[in-house]
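Asks: I need the structure of the sequence given here:
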Amino acid sequence: MEIKPIFDRVVLIPKEAEKETKSGIILPTVAQEKSQIGTVIAVGEGGIVDGKEIKMQVKVGDEVLFAKYSGTEFSLDGKKYIVLKQTDVLAILGK
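Replies: A predicted model of the protein is given here:
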């Protein structure tokens, strides 16, 4: 199934939460922090939102840092996705 966001929305797949510390301690599920990094898989067209013209800054394939409590999470075909506004994207991560 294809996901096509509207206006200034972005769909991304969140990165898996760290299951182990750098020193090798395995974290229980309740101690794992929700990841704030994800990969963009779909981008809206932008346009006029709330009377302002919005140009999309992110593109499909970008790895981004997003605000911790932003967006709407959902599952589709066994995969987790997050839909959020472009303004909730804090940074595009470079390689």
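Asks: where does this structure dip in pLDDT?
Replies: 17-21, 27, 29-33, 95 (pLDDT under 70).
Asks: Walking through it, point out its strands one by one.
Replies: 9-14, 37-43, 47-49, 52-54, 63-66, 72-76, 79-85, 89-93 (DSSP state E).
Asks: helices and strands around the first one, which ones?
Replies: Going back to what we said before, that points to strand 9-14. Helices and strands touching strand 9-14, by 3 or more C-beta pairs under 8 Å, 6 or more residues apart in numbering; DSSP states H and E, are strand 37-43, strand 63-66, strand 79-85. All C-beta spots, glycine's among them, are computed from the backbone N, C-alpha and C.
Asks: Go again with 6 Å.
Replies: Under the contact definition 3 or more C-beta pairs under 6 Å, 6 or more residues apart in numbering; DSSP states H and E, strand 9-14 sits against strand 37-43, strand 79-85.
Asks: That one pairs with which strands?
Replies: Applying DSSP bridges to the sheet, strand 9-14 is found paired with strand 37-43 (antiparallel), strand 79-85 (antiparallel).
Asks: okay, those in TSV with distance to residue 8 and mean neighbour count next?
Replies: Output for those, formatted as TSV (distance: least, C-beta to C-beta, whole Å; neighbours: other C-beta atoms under 10 Å):
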stretch	distance to residue 8	mean neighbour count
strand 37-43	9	17
strand 79-85	6	17
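Asks: and of those, who's closest to residue 56?
Replies: Among those, the nearest to residue 56 by C-beta to C-beta is strand 37-43 (5.4 Å).
Asks: Contacts for that closest one, please.
Replies: Contacts to strand 37-43, defined as C-beta atoms under 6 Å, 6 or more residues apart in numbering, come from residues 3, 5, 10-15, 56, 58, 60, 62-63, 65.
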